[in-house]
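Asker: make a model of this:
(chains A and B)
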Amino acid sequence: KQEVTQIPAALSVPEGENLVLNCSFTDSAIYNLQWFRQDPGKGLTSLLLIQSSQREQTSGRLNASLDKSSGRSTLYIAASQPGDSATYLCAVPGGGADGLTFGKGTHLIIQP
Amino acid sequence: NAGVTQTPKFQVLKTGQSMTLQCAQDMNHNSMYWYRQDPGMGLRLIYYSASEGTTDKGEVPNGYNVSRLNKREFSLRLESAAPSQTSVYFCASSDLWDSGNTIYFGEGSWLTVV
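Answerer: Residues are numbered from 1 along each chain as shown, chains lettered A, B, ... in the order given. The predicted structure follows:
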């Protein structure tokens, strides 16, 4: 059974810092890995999707990397801003159409 | 640009009552999902539907039933609500996400069972 772990569970940093969120998964036979953002009281918004054949994806100040062989992914946030405060979740597919397996998330607070 | 729409947003039930959470998507996706999110447990899959007319159990299906009414709509029913079903419920849809398409989530339904 696929298990996804995110470290750290919570992180609080001053505005402007670069930071790294970590995600690990136990079964490396994945099609892709996805990073989501969740604001309080809201649903999940997809940030980046990395295919298994890719090493990284970038969107603005966000960069996600994927190392399938070691079962790890990182989300790098450059020049953090208070608006980046949210919970970040990573997820990998269970195969076919049977949904995603999520990590428990990293709760991020960016201090102004 | 509605995406995935869930109703109701908030609901309080008494133990033993029944209710149905409604979900509709306007993106012509084949696959739809119901998740629940609990503190410390993360998101867990309740049921999914790979296509119209099919449904399958996920990780935590006990106490729930689903109906894929048509391609757009996927409902989740609690027949006899229990306090353990107090949670936030999310509906989602996607199309061939294992080929690189993303998954879209609704805004969530907050359910309290007293």
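Asker: list the beta-bridge partners for A:L48.
Answerer: A:L48 has these beta-bridge partners by DSSP bridges: A:W35.
Asker: so for it, what's the pLDDT?
Answerer: Per-residue confidence at A:L48 stands at 94 (pLDDT).
Asker: what does B:E59 give?
Answerer: pLDDT for B:E59: 88.
Asker: which helix or strand contains it?
Answerer: Using DSSP states H and E, B:E59 falls within no helix or strand.
Asker: quick one, what contacts it?
Answerer: The neighbourhood of B:E59, defined by Cβ atoms under 8 Å, 6 or more residues apart in numbering or on different chains, consists of B:R44, B:L45, B:I46. In this view, the C-beta of every residue, glycine as well, is placed from N, C-alpha and C.
Asker: again, only using 10 Å
Answerer: A:K1, A:G94, A:D98, A:G99, A:T101, B:Y35, B:R36, B:L43, B:R44, B:L45, B:I46, B:Y47 (Cβ atoms under 10 Å, 6 or more residues apart in numbering or on different chains).
Asker: quick check: the fifth one is in a strand.
Answerer: Yes: counting by DSSP: H, G, I helix; E, B strand; the rest coil, A:T101 is part of a strand.
Asker: how far away is the residue minimising distance to the centre of chain B from chain A?
Answerer: Centroid-nearest residue in chain B: B:W34, 2.6 Å away (criterion: Cα atoms, centre = their mean). According to Cβ to the nearest Cβ, to the nearest Å, B:W34 stands 9 Å off from chain A.
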